[in-house]
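Asker: Based on what follows, work out the 3D shape:
(2 chains)
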Amino acid sequence: MPQIIEVCPLTELPPGAVRLVEWEDLEIGVFNCGGMVYAIEDRCTHDDGPLVEGEFNQEACTVECPRHGSLFDLKTGKPKTLPAYVPVDTFPVIIDEETIKLEVE
Amino acid sequence: MATPETQVLTENEQLGNINSDYTERYGFHDAENYLYKAPKGLTRQTVEMISDFKSEPEWMREFRLKALDYFLARKQPTWGSPMLAEVDYDNIRYFVRASETPSRSWDDVPEDVKRTFDRLGIPEAERKFLSGVGAQYESEVVYHQVHKDLEAQGVIFTDMDTALREHEDIVREYFATIIPPNDNKLAALNSAVWSGGSFVYVPEGVHVEMPLQAYFRINTENMGQFERTLIIAAPGSYVHYVEGCTAPTYSSDSLHSAVVELIAQPGARIRYTTVQNWSMNVFNLVTKRAVAYEDATVEWVDCNLGSKLTMKYPSIYLLGERAHGEVLSIAFAGAGQHQDAGAKIIHAAPNTTSNIFAKSISKDGGRGSYRGLLEVAKGAHGSKSKVVCDALLLDEHSRSDTYPTIRIGENDVDVGHEATVSKVGEDQLFYLRSHGIPEEEASKLIVNGFIEPITKELPMEYAVEMNRLIELQMEGSIG
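Answerer: Have a look, this model is predicted:
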(Lines give C-alpha, C1' and ligand atoms only; values in the text may rest on other atoms or scores of the structure.)
Protein backbone atom coordinates (compact mmCIF):
# COMPACT_ATOMS: atom_id res chain seq x y z
CA MET A 1 0.00 0.00 0.00
CA PRO A 2 1.40 3.43 -0.91
CA GLN A 3 1.98 5.66 2.06
CA ILE A 4 2.50 9.40 2.35
CA ILE A 5 5.40 10.59 4.50
CA GLU A 6 6.24 14.13 5.48
CA VAL A 7 9.73 15.49 4.69
CA CYS A 8 9.86 19.14 5.84
CA PRO A 9 8.36 22.57 5.20
CA LEU A 10 9.22 23.80 1.69
CA THR A 11 11.03 26.77 3.22
CA GLU A 12 13.55 24.40 4.77
CA LEU A 13 14.54 23.01 1.36
CA PRO A 14 15.22 26.04 -0.85
CA PRO A 15 16.42 25.72 -4.49
CA GLY A 16 19.81 23.97 -4.59
CA ALA A 17 19.26 22.23 -1.25
CA VAL A 18 19.32 18.46 -0.63
CA ARG A 19 17.94 16.39 2.22
CA LEU A 20 18.20 12.73 3.16
CA VAL A 21 15.02 11.02 4.37
CA GLU A 22 14.81 7.57 5.91
CA TRP A 23 11.71 5.43 5.75
CA GLU A 24 11.81 1.84 6.93
CA ASP A 25 14.92 0.39 5.23
CA LEU A 26 14.89 2.98 2.43
CA GLU A 27 17.09 6.06 2.18
CA ILE A 28 15.69 8.72 -0.11
CA GLY A 29 17.40 11.84 -1.43
CA VAL A 30 15.15 14.89 -1.86
CA PHE A 31 16.49 17.60 -4.19
CA ASN A 32 15.16 21.07 -4.99
CA CYS A 33 16.00 21.87 -8.65
CA GLY A 34 15.23 25.56 -9.02
CA GLY A 35 11.88 25.31 -7.24
CA MET A 36 10.85 21.83 -8.43
CA VAL A 37 11.36 19.08 -5.86
CA TYR A 38 12.39 15.54 -6.86
CA ALA A 39 13.07 12.40 -4.83
CA ILE A 40 15.22 9.37 -5.72
CA GLU A 41 16.54 6.40 -3.82
CA ASP A 42 19.87 7.35 -2.27
CA ARG A 43 21.76 4.42 -3.70
CA CYS A 44 23.64 4.34 -6.99
CA THR A 45 22.62 1.29 -9.04
CA HIS A 46 26.24 0.68 -10.00
CA ASP A 47 28.00 0.33 -6.67
CA ASP A 48 25.56 1.59 -3.98
CA GLY A 49 27.19 5.04 -3.78
CA PRO A 50 25.38 7.62 -1.57
CA LEU A 51 23.96 10.04 -4.15
CA VAL A 52 23.08 12.87 -1.73
CA GLU A 53 26.81 13.21 -1.05
CA GLY A 54 27.51 13.74 -4.76
CA GLU A 55 27.65 16.96 -6.74
CA PHE A 56 24.13 18.32 -7.28
CA ASN A 57 23.60 20.55 -10.32
CA GLN A 58 20.24 22.20 -9.80
CA GLU A 59 20.20 23.87 -13.23
CA ALA A 60 20.70 20.59 -15.07
CA CYS A 61 18.72 18.76 -12.35
CA THR A 62 21.35 16.05 -12.04
CA VAL A 63 23.40 14.46 -9.31
CA GLU A 64 26.81 12.81 -9.76
CA CYS A 65 27.56 9.68 -7.78
CA PRO A 66 30.59 10.40 -5.60
CA ARG A 67 31.88 6.85 -5.95
CA HIS A 68 32.45 6.39 -9.73
CA GLY A 69 30.96 9.47 -11.33
CA SER A 70 27.69 8.27 -12.89
CA LEU A 71 25.42 11.24 -13.54
CA PHE A 72 21.70 10.74 -12.78
CA ASP A 73 18.74 12.70 -14.09
CA LEU A 74 16.76 13.56 -10.95
CA LYS A 75 13.46 13.86 -12.85
CA THR A 76 13.56 10.33 -14.27
CA GLY A 77 16.21 8.53 -12.19
CA LYS A 78 17.93 7.48 -15.42
CA PRO A 79 21.74 7.47 -15.62
CA LYS A 80 23.08 9.95 -18.19
CA THR A 81 26.58 8.44 -18.06
CA LEU A 82 28.05 5.03 -17.32
CA PRO A 83 29.17 3.05 -15.35
CA ALA A 84 25.60 2.86 -13.95
CA TYR A 85 23.09 1.68 -16.54
CA VAL A 86 20.02 0.91 -14.41
CA PRO A 87 17.80 3.83 -13.30
CA VAL A 88 17.45 4.59 -9.59
CA ASP A 89 13.94 4.45 -8.14
CA THR A 90 12.05 7.74 -8.09
CA PHE A 91 9.27 8.74 -5.67
CA PRO A 92 6.30 11.04 -6.32
CA VAL A 93 6.63 14.37 -4.50
CA ILE A 94 3.58 16.17 -3.16
CA ILE A 95 3.65 19.79 -1.98
CA ASP A 96 0.76 20.01 0.48
CA GLU A 97 0.19 23.36 2.15
CA GLU A 98 3.85 24.36 1.79
CA THR A 99 5.02 21.00 3.16
CA ILE A 100 7.06 18.50 1.14
CA LYS A 101 5.63 14.99 1.24
CA LEU A 102 6.63 11.77 -0.54
CA GLU A 103 4.60 8.84 -1.71
CA VAL A 104 6.45 5.67 -0.76
CA GLU A 105 5.65 1.99 -0.99
CA MET B 1 73.53 -30.70 -14.72
CA ALA B 2 73.94 -26.91 -14.85
CA THR B 3 75.71 -25.15 -11.99
CA PRO B 4 74.05 -22.05 -10.42
CA GLU B 5 76.58 -19.84 -12.28
CA THR B 6 75.74 -21.28 -15.67
CA GLN B 7 72.03 -21.09 -14.89
CA VAL B 8 72.38 -17.36 -14.14
CA LEU B 9 74.37 -16.89 -17.32
CA THR B 10 71.72 -18.65 -19.34
CA GLU B 11 68.98 -16.53 -17.84
CA ASN B 12 70.96 -13.36 -18.49
CA GLU B 13 71.46 -14.42 -22.05
CA GLN B 14 67.76 -14.98 -22.30
CA LEU B 15 67.03 -11.53 -20.88
CA GLY B 16 69.27 -10.05 -23.54
CA ASN B 17 67.27 -11.71 -26.25
CA ILE B 18 63.87 -10.37 -25.27
CA ASN B 19 62.61 -7.90 -27.85
CA SER B 20 66.16 -8.15 -29.12
CA ASP B 21 65.74 -5.65 -31.94
CA TYR B 22 63.48 -3.28 -29.96
CA THR B 23 66.17 -0.59 -29.61
CA GLU B 24 66.97 -0.64 -33.29
CA ARG B 25 63.38 -0.75 -34.55
CA TYR B 26 61.47 1.20 -31.91
CA GLY B 27 63.72 2.12 -28.98
CA PHE B 28 65.65 4.92 -30.67
CA HIS B 29 65.02 8.54 -29.71
CA ASP B 30 65.27 11.84 -31.53
CA ALA B 31 66.83 15.15 -30.60
CA GLU B 32 64.36 17.24 -28.61
CA ASN B 33 63.52 20.32 -30.64
CA TYR B 34 60.34 21.03 -28.73
CA LEU B 35 58.19 24.13 -28.78
CA TYR B 36 57.29 23.55 -25.15
CA LYS B 37 58.21 21.03 -22.46
CA ALA B 38 56.37 21.29 -19.14
CA PRO B 39 58.36 20.89 -15.92
CA LYS B 40 57.83 17.62 -14.07
CA GLY B 41 54.91 17.23 -11.70
CA LEU B 42 51.18 17.88 -11.74
CA THR B 43 49.72 21.11 -10.41
CA ARG B 44 46.64 23.21 -11.02
CA GLN B 45 48.90 25.53 -13.05
CA THR B 46 49.89 22.64 -15.35
CA VAL B 47 46.25 21.85 -16.05
CA GLU B 48 45.39 25.52 -16.66
CA MET B 49 48.42 25.88 -18.91
CA ILE B 50 47.33 22.92 -21.07
CA SER B 51 43.87 24.43 -21.40
CA ASP B 52 45.36 27.86 -22.24
CA PHE B 53 47.71 26.38 -24.84
CA LYS B 54 44.72 24.81 -26.57
CA SER B 55 42.46 27.90 -26.24
CA GLU B 56 39.67 25.69 -24.99
CA PRO B 57 36.09 26.62 -24.16
CA GLU B 58 35.43 27.36 -20.50
CA TRP B 59 33.41 24.17 -19.93
CA MET B 60 36.41 22.02 -20.86
CA ARG B 61 38.69 24.01 -18.56
CA GLU B 62 36.24 23.47 -15.70
CA PHE B 63 35.97 19.77 -16.60
CA ARG B 64 39.75 19.43 -16.35
CA LEU B 65 40.04 21.22 -13.03
CA LYS B 66 37.21 19.19 -11.49
CA ALA B 67 38.90 16.01 -12.74
CA LEU B 68 42.17 17.13 -11.13
CA ASP B 69 40.36 17.36 -7.78
CA TYR B 70 39.03 13.82 -8.29
CA PHE B 71 42.51 12.57 -9.14
CA LEU B 72 44.05 14.16 -6.06
CA ALA B 73 41.26 12.91 -3.78
CA ARG B 74 41.57 9.29 -4.90
CA LYS B 75 44.19 6.98 -3.46
CA GLN B 76 46.45 5.00 -5.74
CA PRO B 77 44.74 1.63 -6.32
CA THR B 78 46.25 -1.28 -4.43
CA TRP B 79 44.69 -4.08 -6.45
CA GLY B 80 46.01 -5.43 -9.73
CA SER B 81 49.77 -5.30 -9.41
CA PRO B 82 52.32 -4.43 -6.72
CA MET B 83 54.16 -2.52 -9.47
CA LEU B 84 51.46 0.18 -9.28
CA ALA B 85 53.12 1.46 -6.12
CA GLU B 86 56.16 2.38 -8.25
CA VAL B 87 54.29 4.98 -10.34
CA ASP B 88 55.80 8.35 -9.40
CA TYR B 89 53.36 11.05 -10.51
CA ASP B 90 55.82 13.78 -9.49
CA ASN B 91 58.47 12.52 -11.89
CA ILE B 92 56.35 12.80 -15.04
CA ARG B 93 56.07 15.58 -17.61
CA TYR B 94 52.40 16.13 -18.32
CA PHE B 95 52.66 18.12 -21.54
CA VAL B 96 55.23 18.32 -24.32
CA ARG B 97 54.51 20.10 -27.60
CA ALA B 98 56.52 19.07 -30.66
CA SER B 99 54.79 20.99 -33.44
CA GLU B 100 52.45 23.93 -33.82
CA THR B 101 49.36 22.28 -35.34
CA PRO B 102 48.53 18.88 -36.80
CA SER B 103 49.57 18.83 -40.41
CA ARG B 104 47.76 17.20 -43.32
CA SER B 105 51.01 16.69 -45.23
CA TRP B 106 54.04 14.72 -44.05
CA ASP B 107 56.18 17.46 -45.68
CA ASP B 108 54.99 19.93 -43.06
CA VAL B 109 55.81 17.71 -40.07
CA PRO B 110 59.08 18.65 -38.30
CA GLU B 111 61.95 16.76 -39.93
CA ASP B 112 63.03 14.74 -36.86
CA VAL B 113 59.47 13.67 -36.16
CA LYS B 114 58.81 12.78 -39.78
CA ARG B 115 61.96 10.64 -39.83
CA THR B 116 60.71 8.77 -36.76
CA PHE B 117 57.40 7.90 -38.38
CA ASP B 118 59.24 6.92 -41.58
CA ARG B 119 61.32 4.48 -39.55
CA LEU B 120 58.16 3.11 -38.00
CA GLY B 121 56.68 2.62 -41.48
CA ILE B 122 53.58 4.77 -40.96
CA PRO B 123 53.53 6.80 -44.23
CA GLU B 124 54.16 3.60 -46.18
CA ALA B 125 51.27 1.79 -44.45
CA GLU B 126 49.06 4.81 -45.12
CA ARG B 127 49.76 4.62 -48.85
CA LYS B 128 49.18 0.88 -48.98
CA PHE B 129 46.13 -0.03 -46.94
CA LEU B 130 44.68 2.63 -44.66
CA SER B 131 41.71 4.97 -44.97
CA GLY B 132 43.28 7.54 -42.70
CA VAL B 133 46.15 8.09 -40.29
CA GLY B 134 46.72 10.06 -37.12
CA ALA B 135 50.24 10.26 -35.72
CA GLN B 136 50.75 11.48 -32.19
CA TYR B 137 54.21 12.46 -30.96
CA GLU B 138 54.44 13.18 -27.22
CA SER B 139 51.33 15.13 -26.17
CA GLU B 140 49.86 16.09 -29.51
CA VAL B 141 48.96 14.83 -32.93
CA VAL B 142 51.48 16.03 -35.52
CA TYR B 143 49.89 14.55 -38.63
CA HIS B 144 46.34 13.70 -39.57
CA GLN B 145 44.84 12.72 -42.86
CA VAL B 146 41.77 10.89 -44.11
CA HIS B 147 40.79 9.79 -47.63
CA LYS B 148 38.87 12.47 -49.47
CA ASP B 149 36.05 10.14 -50.49
CA LEU B 150 35.38 9.39 -46.83
CA GLU B 151 35.30 13.08 -46.01
CA ALA B 152 32.84 13.52 -48.87
CA GLN B 153 30.61 10.91 -47.19
CA GLY B 154 30.71 12.89 -43.96
CA VAL B 155 33.23 10.78 -42.06
CA ILE B 156 35.10 12.82 -39.48
CA PHE B 157 38.52 11.50 -38.46
CA THR B 158 40.61 14.07 -36.70
CA ASP B 159 42.62 14.59 -33.56
CA MET B 160 40.63 15.25 -30.40
CA ASP B 161 41.93 18.82 -29.94
CA THR B 162 40.80 19.80 -33.44
CA ALA B 163 37.47 18.04 -32.87
CA LEU B 164 36.85 20.16 -29.80
CA ARG B 165 37.42 23.31 -31.87
CA GLU B 166 35.58 22.27 -35.03
CA HIS B 167 32.85 19.93 -33.76
CA GLU B 168 32.29 21.21 -30.25
CA ASP B 169 28.58 20.32 -30.16
CA ILE B 170 29.13 16.62 -30.91
CA VAL B 171 32.11 16.42 -28.58
CA ARG B 172 30.21 18.05 -25.74
CA GLU B 173 27.24 15.71 -26.22
CA TYR B 174 29.26 12.49 -25.97
CA PHE B 175 32.59 13.30 -24.27
CA ALA B 176 32.99 11.52 -20.90
CA THR B 177 29.50 10.00 -21.03
CA ILE B 178 30.97 6.50 -21.29
CA ILE B 179 33.89 7.06 -18.90
CA PRO B 180 33.14 9.91 -16.48
CA PRO B 181 36.12 11.70 -14.93
CA ASN B 182 35.56 10.17 -11.50
CA ASP B 183 35.29 6.61 -12.83
CA ASN B 184 38.72 5.76 -11.42
CA LYS B 185 41.97 7.52 -10.50
CA LEU B 186 43.61 7.09 -13.89
CA ALA B 187 40.50 8.21 -15.79
CA ALA B 188 40.49 11.30 -13.56
CA LEU B 189 44.14 11.94 -14.41
CA ASN B 190 43.48 11.60 -18.12
CA SER B 191 40.44 13.88 -17.85
CA ALA B 192 42.58 16.55 -16.18
CA VAL B 193 45.51 16.53 -18.59
CA TRP B 194 44.22 14.86 -21.76
CA SER B 195 45.84 15.86 -25.00
CA GLY B 196 45.62 14.41 -28.49
CA GLY B 197 43.95 11.14 -29.36
CA SER B 198 41.40 10.58 -32.12
CA PHE B 199 37.85 11.64 -32.79
CA VAL B 200 35.90 9.53 -35.27
CA TYR B 201 32.34 10.07 -36.43
CA VAL B 202 30.89 7.75 -39.07
CA PRO B 203 27.53 8.89 -40.45
CA GLU B 204 24.51 6.63 -40.78
CA GLY B 205 24.97 3.72 -43.17
CA VAL B 206 28.57 4.57 -44.13
CA HIS B 207 31.03 1.66 -44.20
CA VAL B 208 34.68 2.62 -43.86
CA GLU B 209 36.16 -0.32 -45.73
CA MET B 210 39.87 0.11 -44.90
CA PRO B 211 41.06 0.71 -41.34
CA LEU B 212 41.75 4.08 -39.78
CA GLN B 213 45.02 4.02 -37.87
CA ALA B 214 46.49 6.04 -35.05
CA TYR B 215 50.10 5.69 -33.97
CA PHE B 216 51.27 6.93 -30.59
CA ARG B 217 54.90 7.66 -30.01
CA ILE B 218 56.69 8.75 -26.85
CA ASN B 219 60.17 10.21 -27.41
CA THR B 220 61.35 12.00 -24.28
CA GLU B 221 62.20 10.53 -20.89
CA ASN B 222 59.67 10.53 -18.01
CA MET B 223 56.90 11.41 -20.42
CA GLY B 224 53.21 11.19 -19.63
CA GLN B 225 51.01 10.58 -22.65
CA PHE B 226 47.29 11.03 -22.08
CA GLU B 227 45.41 10.76 -25.33
CA ARG B 228 41.65 10.75 -25.42
CA THR B 229 39.73 8.91 -28.11
CA LEU B 230 36.03 9.04 -28.91
CA ILE B 231 34.46 7.01 -31.70
CA ILE B 232 30.81 7.37 -32.65
CA ALA B 233 29.35 5.01 -35.25
CA ALA B 234 25.91 6.22 -36.34
CA PRO B 235 23.15 3.66 -37.10
CA GLY B 236 24.13 0.98 -39.60
CA SER B 237 27.71 2.22 -40.05
CA TYR B 238 31.01 0.35 -39.78
CA VAL B 239 34.53 1.35 -38.87
CA HIS B 240 37.75 -0.46 -37.96
CA TYR B 241 40.20 1.62 -35.94
CA VAL B 242 43.73 0.37 -35.33
CA GLU B 243 46.25 1.80 -32.90
CA GLY B 244 49.90 1.07 -32.34
CA CYS B 245 52.47 2.51 -29.97
CA THR B 246 56.18 2.43 -29.16
CA ALA B 247 58.72 4.39 -27.13
CA PRO B 248 62.48 4.58 -26.57
CA THR B 249 63.98 2.55 -23.77
CA TYR B 250 65.08 4.65 -20.80
CA SER B 251 66.22 3.74 -17.32
CA SER B 252 63.41 5.67 -15.62
CA ASP B 253 59.70 5.31 -16.16
CA SER B 254 57.09 6.94 -18.36
CA LEU B 255 53.33 6.80 -18.02
CA HIS B 256 50.71 6.21 -20.67
CA SER B 257 47.14 6.60 -19.53
CA ALA B 258 44.51 6.85 -22.23
CA VAL B 259 40.75 7.04 -22.10
CA VAL B 260 38.90 5.49 -25.04
CA GLU B 261 35.12 5.73 -25.47
CA LEU B 262 33.19 3.92 -28.22
CA ILE B 263 29.53 4.40 -29.08
CA ALA B 264 27.94 1.95 -31.51
CA GLN B 265 24.44 3.20 -32.31
CA PRO B 266 21.70 0.79 -33.47
CA GLY B 267 22.93 -1.64 -36.13
CA ALA B 268 26.46 -0.15 -36.19
CA ARG B 269 29.70 -2.08 -35.84
CA ILE B 270 33.01 -0.88 -34.40
CA ARG B 271 36.16 -2.94 -34.34
CA TYR B 272 39.03 -1.49 -32.30
CA THR B 273 42.42 -3.15 -32.63
CA THR B 274 45.42 -2.38 -30.44
CA VAL B 275 48.97 -3.58 -30.91
CA GLN B 276 50.63 -2.31 -27.74
CA ASN B 277 54.41 -2.47 -27.83
CA TRP B 278 55.60 0.18 -25.38
CA SER B 279 59.17 -0.07 -24.17
CA MET B 280 59.89 -1.81 -20.87
CA ASN B 281 59.92 1.45 -18.89
CA VAL B 282 56.31 2.46 -19.62
CA PHE B 283 53.40 2.05 -17.22
CA ASN B 284 50.37 1.48 -19.42
CA LEU B 285 47.22 2.18 -17.39
CA VAL B 286 44.30 2.60 -19.72
CA THR B 287 40.50 2.80 -19.44
CA LYS B 288 38.58 1.58 -22.50
CA ARG B 289 34.82 1.25 -22.61
CA ALA B 290 32.14 0.87 -25.27
CA VAL B 291 28.37 0.87 -25.53
CA ALA B 292 26.45 -1.12 -28.11
CA TYR B 293 22.81 -0.30 -28.75
CA GLU B 294 20.16 -2.43 -30.48
CA ASP B 295 21.65 -4.83 -33.07
CA ALA B 296 25.06 -3.14 -32.78
CA THR B 297 28.41 -4.90 -32.48
CA VAL B 298 31.59 -3.83 -30.72
CA GLU B 299 34.82 -5.82 -30.97
CA TRP B 300 38.02 -5.11 -29.06
CA VAL B 301 41.10 -6.90 -30.41
CA ASP B 302 43.72 -6.19 -27.79
CA CYS B 303 47.34 -7.31 -28.17
CA ASN B 304 49.74 -6.46 -25.35
CA LEU B 305 53.40 -7.17 -25.93
CA GLY B 306 55.31 -4.29 -24.43
CA SER B 307 55.29 -2.05 -21.31
CA LYS B 308 56.49 -2.68 -17.77
CA LEU B 309 52.98 -2.97 -16.38
CA THR B 310 49.75 -2.95 -18.35
CA MET B 311 46.40 -2.77 -16.59
CA LYS B 312 43.65 -2.70 -19.18
CA TYR B 313 40.20 -4.30 -19.29
CA PRO B 314 38.29 -3.17 -22.39
CA SER B 315 34.60 -3.28 -21.60
CA ILE B 316 31.35 -3.39 -23.54
CA TYR B 317 27.91 -2.46 -22.25
CA LEU B 318 25.31 -4.20 -24.37
CA LEU B 319 22.48 -1.73 -23.87
CA GLY B 320 20.18 -2.63 -26.76
CA GLU B 321 18.42 -5.85 -27.67
CA ARG B 322 20.48 -8.29 -29.78
CA ALA B 323 23.66 -6.27 -29.37
CA HIS B 324 26.87 -8.28 -29.63
CA GLY B 325 30.23 -7.79 -27.93
CA GLU B 326 33.52 -9.49 -28.49
CA VAL B 327 36.91 -9.18 -26.83
CA LEU B 328 39.95 -10.98 -28.21
CA SER B 329 42.98 -10.48 -26.03
CA ILE B 330 46.60 -11.62 -26.27
CA ALA B 331 49.16 -10.75 -23.64
CA PHE B 332 52.83 -11.64 -23.71
CA ALA B 333 54.74 -11.16 -20.44
CA GLY B 334 58.53 -11.45 -20.50
CA ALA B 335 61.13 -10.71 -17.84
CA GLY B 336 60.17 -7.78 -15.63
CA GLN B 337 56.72 -7.47 -17.18
CA HIS B 338 53.26 -7.78 -15.73
CA GLN B 339 50.41 -7.89 -18.23
CA ASP B 340 47.20 -7.54 -16.22
CA ALA B 341 44.71 -7.64 -19.08
CA GLY B 342 41.17 -8.81 -19.48
CA ALA B 343 37.69 -7.79 -20.45
CA LYS B 344 34.32 -6.76 -19.08
CA ILE B 345 30.99 -7.39 -20.74
CA ILE B 346 27.67 -6.30 -19.33
CA HIS B 347 24.49 -7.76 -20.81
CA ALA B 348 21.92 -5.10 -20.01
CA ALA B 349 19.30 -5.99 -22.64
CA PRO B 350 17.53 -9.16 -23.79
CA ASN B 351 18.97 -11.55 -26.38
CA THR B 352 22.42 -10.01 -26.31
CA THR B 353 25.47 -12.13 -27.07
CA SER B 354 29.16 -11.95 -26.28
CA ASN B 355 32.47 -13.78 -26.47
CA ILE B 356 35.69 -13.24 -24.59
CA PHE B 357 38.77 -15.10 -25.80
CA ALA B 358 41.88 -14.25 -23.79
CA LYS B 359 45.30 -15.81 -24.22
CA SER B 360 48.42 -15.08 -22.23
CA ILE B 361 51.98 -16.30 -22.59
CA SER B 362 54.48 -15.87 -19.77
CA LYS B 363 58.21 -16.48 -19.89
CA ASP B 364 61.43 -15.58 -18.07
CA GLY B 365 59.63 -14.69 -14.86
CA GLY B 366 56.96 -12.58 -16.54
CA ARG B 367 53.46 -12.48 -15.12
CA GLY B 368 50.29 -12.66 -17.19
CA SER B 369 46.93 -12.11 -15.54
CA TYR B 370 43.42 -12.38 -16.88
CA ARG B 371 40.93 -10.22 -14.98
CA GLY B 372 37.41 -10.21 -16.28
CA LEU B 373 33.80 -9.49 -15.52
CA LEU B 374 30.76 -10.97 -17.17
CA GLU B 375 27.49 -9.56 -15.93
CA VAL B 376 23.96 -10.42 -17.04
CA ALA B 377 21.47 -7.92 -15.65
CA LYS B 378 17.99 -8.77 -14.50
CA GLY B 379 15.74 -8.66 -17.54
CA ALA B 380 18.48 -9.53 -20.05
CA HIS B 381 16.79 -12.83 -20.81
CA GLY B 382 17.93 -14.96 -23.73
CA SER B 383 21.50 -13.68 -23.42
CA LYS B 384 24.41 -15.91 -24.38
CA SER B 385 28.05 -15.58 -23.50
CA LYS B 386 31.21 -17.62 -23.70
CA VAL B 387 34.41 -16.81 -21.84
CA VAL B 388 37.58 -18.71 -22.64
CA CYS B 389 40.90 -17.81 -21.07
CA ASP B 390 44.01 -19.84 -21.74
CA ALA B 391 47.47 -19.33 -20.32
CA LEU B 392 50.72 -20.77 -21.58
CA LEU B 393 53.73 -20.88 -19.26
CA LEU B 394 57.07 -21.31 -20.97
CA ASP B 395 59.14 -21.95 -17.88
CA GLU B 396 58.87 -22.56 -14.17
CA HIS B 397 59.83 -18.98 -13.16
CA SER B 398 56.82 -17.42 -14.82
CA ARG B 399 53.37 -16.84 -13.43
CA SER B 400 49.81 -16.83 -14.62
CA ASP B 401 46.71 -15.73 -12.70
CA THR B 402 43.06 -15.79 -13.64
CA TYR B 403 40.50 -13.60 -11.85
CA PRO B 404 37.16 -14.22 -13.53
CA THR B 405 33.99 -12.69 -12.06
CA ILE B 406 30.59 -13.76 -13.30
CA ARG B 407 27.35 -12.19 -12.06
CA ILE B 408 24.08 -13.54 -13.37
CA GLY B 409 20.84 -11.76 -12.51
CA GLU B 410 18.56 -13.63 -14.90
CA ASN B 411 17.50 -17.26 -15.20
CA ASP B 412 17.03 -17.67 -18.94
CA VAL B 413 20.66 -17.29 -20.04
CA ASP B 414 23.43 -19.42 -21.49
CA VAL B 415 26.85 -18.64 -20.03
CA GLY B 416 30.00 -20.72 -20.39
CA HIS B 417 33.42 -20.25 -18.88
CA GLU B 418 36.55 -22.25 -19.64
CA ALA B 419 40.06 -21.64 -18.38
CA THR B 420 43.25 -23.59 -19.02
CA VAL B 421 46.84 -23.22 -17.94
CA SER B 422 49.41 -25.25 -19.79
CA LYS B 423 53.12 -25.60 -20.27
CA VAL B 424 54.81 -26.17 -23.58
CA GLY B 425 54.60 -29.92 -23.30
CA GLU B 426 57.56 -32.27 -23.62
CA ASP B 427 55.41 -34.54 -25.77
CA GLN B 428 54.54 -31.70 -28.20
CA LEU B 429 58.22 -30.73 -28.43
CA PHE B 430 59.24 -34.37 -28.83
CA TYR B 431 56.73 -34.89 -31.63
CA LEU B 432 57.95 -31.85 -33.57
CA ARG B 433 61.62 -32.67 -32.97
CA SER B 434 61.07 -36.21 -34.18
CA HIS B 435 60.05 -34.61 -37.49
CA GLY B 436 63.40 -32.84 -37.72
CA ILE B 437 62.28 -29.46 -36.34
CA PRO B 438 64.85 -27.88 -33.99
CA GLU B 439 63.66 -27.30 -30.43
CA GLU B 440 63.52 -23.48 -30.63
CA GLU B 441 61.58 -23.60 -33.87
CA ALA B 442 59.23 -26.19 -32.38
CA SER B 443 58.57 -23.93 -29.40
CA LYS B 444 57.75 -21.01 -31.70
CA LEU B 445 55.35 -23.20 -33.66
CA ILE B 446 53.53 -24.18 -30.48
CA VAL B 447 53.21 -20.55 -29.39
CA ASN B 448 52.03 -19.45 -32.83
CA GLY B 449 49.43 -22.20 -32.79
CA PHE B 450 48.32 -21.04 -29.35
CA ILE B 451 47.70 -17.43 -30.42
CA GLU B 452 46.56 -18.15 -33.98
CA PRO B 453 42.81 -17.92 -33.20
CA ILE B 454 43.38 -14.26 -32.33
CA THR B 455 46.08 -13.22 -34.82
CA LYS B 456 43.87 -14.49 -37.65
CA GLU B 457 41.42 -11.71 -36.69
CA LEU B 458 44.04 -9.01 -37.31
CA PRO B 459 44.43 -7.35 -40.70
CA MET B 460 47.12 -9.29 -42.55
CA GLU B 461 49.82 -6.64 -42.16
CA TYR B 462 49.35 -6.56 -38.39
CA ALA B 463 49.15 -10.33 -38.09
CA VAL B 464 52.54 -10.61 -39.82
CA GLU B 465 54.01 -7.97 -37.49
CA MET B 466 52.47 -9.63 -34.45
CA ASN B 467 53.91 -13.02 -35.36
CA ARG B 468 57.32 -11.42 -35.95
CA LEU B 469 57.23 -9.72 -32.54
CA ILE B 470 56.21 -12.92 -30.79
CA GLU B 471 58.99 -14.81 -32.55
CA LEU B 472 61.49 -12.21 -31.39
CA GLN B 473 60.29 -12.52 -27.84
CA MET B 474 60.60 -16.27 -28.11
CA GLU B 475 64.26 -16.21 -29.15
CA GLY B 476 66.45 -17.88 -26.59
CA SER B 477 63.47 -19.16 -24.65
CA ILE B 478 64.74 -22.73 -24.68
CA GLY B 479 67.44 -22.76 -22.07
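
Asker: what's the neighbour count on the nearest residue to residue B:421 once chain neighbours are set aside?
Answerer: Distances taken as CB to CB, 6 or more residues apart in numbering or on different chains place residue B:391 nearest to residue B:421, at 4.5 Å, with adjacent residues excluded. The way it works is simple: take the backbone N, C-alpha and C, and place the C-beta from them, glycine included. Using other CB atoms under 10 Å in any protein chain shown, residue B:391 is surrounded by 25 other residues.

Asker: before we move on, what about residue A:42?
Answerer: 24.

Asker: Enumerate the residues of chain A near chain B.
Answerer: Within chain A, the positions near chain B by CB under 8 Å from any CB of the partner chain are A:64-71, A:80-83, A:85-86.

Asker: out of those, which one sits closest to chain B?
Answerer: Taking CB to the nearest CB as the measure, chain B lies nearest residue A:69 of these, at 3.2 Å.

Asker: could you list every residue that touches that closest one?
Answerer: A:81, A:83, B:70, B:180, B:181, B:182, B:183 (CB atoms under 8 Å, 6 or more residues apart in numbering or on different chains).

Asker: Could you pick out the buried ones from these?
Answerer: Applying 16 or more other CB atoms under 10 Å in any protein chain shown to those, the neighbour count classes A:81, A:83, B:70, B:180, B:181, B:182, B:183 as buried.

Asker: Just put these in CSV and tack on distance to residue B:51.
Answerer: Listed next are the buried ones among the contacts of residue A:69 as CSV, based on distance: CB to CB, whole Å:
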residue, distance to residue B:51
A:81, 22
A:83, 26
B:70, 16
B:180, 19
B:181, 14
B:182, 19
B:183, 21
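
Asker: quick one: contacts of stretch B:159-168?
Answerer: Under CB under 8 Å, 6+ apart, the answer for stretch B:159-168 is B:54-57, B:60, B:102, B:134, B:136, B:140-141, B:144, B:156, B:158, B:170-171, B:194-199, B:201, B:227-230.

Asker: List the buried residues of that stretch.
Answerer: Quick answer for stretch B:159-168 (16+ other CB under 10 Å): B:159, B:160, B:161, B:162, B:163, B:164.

Asker: Strands - which of the contacts of stretch B:159-168 land there?
Answerer: Mapping those onto strands (DSSP state E) picks out B:134, B:136, B:140-141, B:144, B:156, B:158, B:198-199, B:201, B:228-230.

Asker: Number of residues surrounding the closest residue to residue B:363 other than its chain neighbours?
Answerer: Closest residue to residue B:363 apart from its sequence neighbours, by CB to CB, 6+ apart: residue B:394 at 3.8 Å. Counted by other CB under 10 Å, the residues lying close to residue B:394 total 22.

Asker: what's the most distant pair in the buried residues of stretch B:159-168?
Answerer: Largest separation among the buried residues of stretch B:159-168 by CB to CB: B:159 and B:164, giving 9.4 Å.

Asker: okay, now residue A:60: neighbour count?
Answerer: For residue A:60, the count of nearby residues is 12 (other CB under 10 Å).

Asker: Among the contacts of stretch B:159-168, name the buried ones.
Answerer: B:54, B:56, B:60, B:102, B:134, B:136, B:140-141, B:144, B:156, B:158, B:170-171, B:194-199, B:201, B:227-230.

Asker: and residue B:392, which of the three is it?
Answerer: Following DSSP: H, G, I helix; E, B strand; the rest coil, the label given to residue B:392 is strand.

Asker: How many residues are close by the residue of the stretch 351-479 of chain B found nearest chain A?
Answerer: Closest approach between the stretch 351-479 of chain B and chain A, counting by CB to the nearest CB: residue B:377, at 6.8 Å. Neighbours of residue B:377 under the rule other CB under 10 Å: 22.
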